[in-house]
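Asks: build the 3D model from these lines:
(one chain, ligands or ions: 1)
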Amino acid sequence: MSTETPTFGEDTVAEAKELIARYPQSRSALLPLLHLVQSVQGFVSQEGIAFCAQQLGLSEAEVSAVATFYTMYKRKPCGEHLVSVCTNTLCAAMGGDAIYKKLQDHLGSEGAPLGHEEVAGTPGEPGSIMLEHAECLAACDLAPVLQVNYEYFDNQSEQSAVELVDALRRGDKPAPTRGAPLSDFKTVERRLAGLLPTDDDEFWSDVDGPSQAVETLRGAQLAADRGWTAPAAPEDVPLPEVEAK
Ligand code: FES
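Replies: Residues are numbered from 1 along each chain as shown. As a prediction, the model looks like this:
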């Protein structure tokens, strides 16, 4: 009999069951389970695919089809941190492309720039960083933006981005512009799986961070200051029937 400790031990199986129990149909828990797998391994390995399939009564092909569709599921081991630079249109025009190129060169080694989803350092080790370019991160009013483990750093420049990754490599956890305090990729994957901190202080520090930015609310504030309202909907347009749930 093998004495090797299984990658997904009893605790992970129990947490998987807890997540599955939240849904009327077990297969609906696949996305949270893939995040749970990443919180253990730092990526979705073939073993992780098999684990999800076994817990949910799906085939490995069905789980693979989902894991390879969404970019948040990494098929290669991630760094302690995931740095996502928005290179979509608005951020690109405002400097996002230049920031991504700068970080590729800065995090690369021996003259070779770091590629998309490649890691500077040893994956999973302290200070290691996976770099990726990302599509619109839904913060265009604060462009150019980047995220570390999905927390926002707004209004970035090449210099501020380099200072940020250098701080991460030293083991520092700079405060994001908004959202929860910075942790690491695996911890955030537990949150994305739906497993919230049980410690009260940790829970509230996660949800009490600054949320919306002044820039995001500027339009609504202007309208409120000037008494502008949206035109009323015409009364004679029938609303569609909504099926009862
Ligand atoms: S284009 Fe970068 S956040 Fe939208």
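
Asks: helices or strands next to the helix or strand of the chain with the lowest mean pLDDT in the packing?
Replies: With mean pLDDT, DSSP states H and E as the measure, the helix or strand of the chain carrying the lowest mean pLDDT is helix 200-207 (a mean of 86). Taking 3 or more C-beta pairs under 8 Å, 6 or more residues apart in numbering; DSSP states H and E as the contact definition, helix 200-207 has no neighbouring helices or strands. Every C-beta, even on glycine, is put in place using the N, C-alpha and C of the backbone.

Asks: how far off centre is the helix or strand just after it?
Replies: Sequence-wise, the next helix or strand downstream of helix 200-207 (DSSP states H and E) is helix 214-226. Remark: helix 214-226 is offset 28 Å from the chain centroid, using C-alpha atoms, centre = their mean, to the nearest Å.

Asks: pLDDT on helix 214-226, on average?
Replies: Averaged across helix 214-226, the pLDDT comes to 92.

Asks: before we move on, the earlier item: run through who's touching the least confident helix or strand of the chain.
Replies: Ala180, Pro181, Arg191, Leu196, Pro197 (C-beta atoms under 8 Å, 6 or more residues apart in numbering).

Asks: in TSV: these, plus secondary structure and distance to the ligand.
Replies: Formatted as TSV, the contacts of helix 200-207 follow (DSSP: H, G, I helix; E, B strand; the rest coil; distance: C-beta to the nearest ligand atom, whole Å):
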residue	secondary structure	distance to the ligand
Ala180	coil	19
Pro181	coil	22
Arg191	helix	21
Leu196	coil	26
Pro197	coil	28
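
Asks: on that earlier part again, which parts of the least confident helix or strand of the chain are buried?
Replies: Applying a neighbour-count criterion of 16 or more other C-beta atoms under 10 Å, one finds Asp206 buried in helix 200-207.

Asks: show me which positions of stretch 125-139 end up buried.
Replies: By neighbour count on 16+ other C-beta under 10 Å, the buried set for stretch 125-139 is Gly127, Ser128, Ile129, Met130, Leu131, Glu132, His133, Ala134, Leu137, Ala139.

Asks: for these, which one is nearest Ser84?
Replies: Nearest to Ser84 among the buried residues of stretch 125-139: Ala134, at 4.1 Å, using C-beta to C-beta.

Asks: which one of the contacts of helix 200-207 has the most neighbours?
Replies: Scoring the contacts of helix 200-207 on neighbours with other C-beta atoms under 10 Å, the highest-scoring entry is Ala180 at 20 neighbours.
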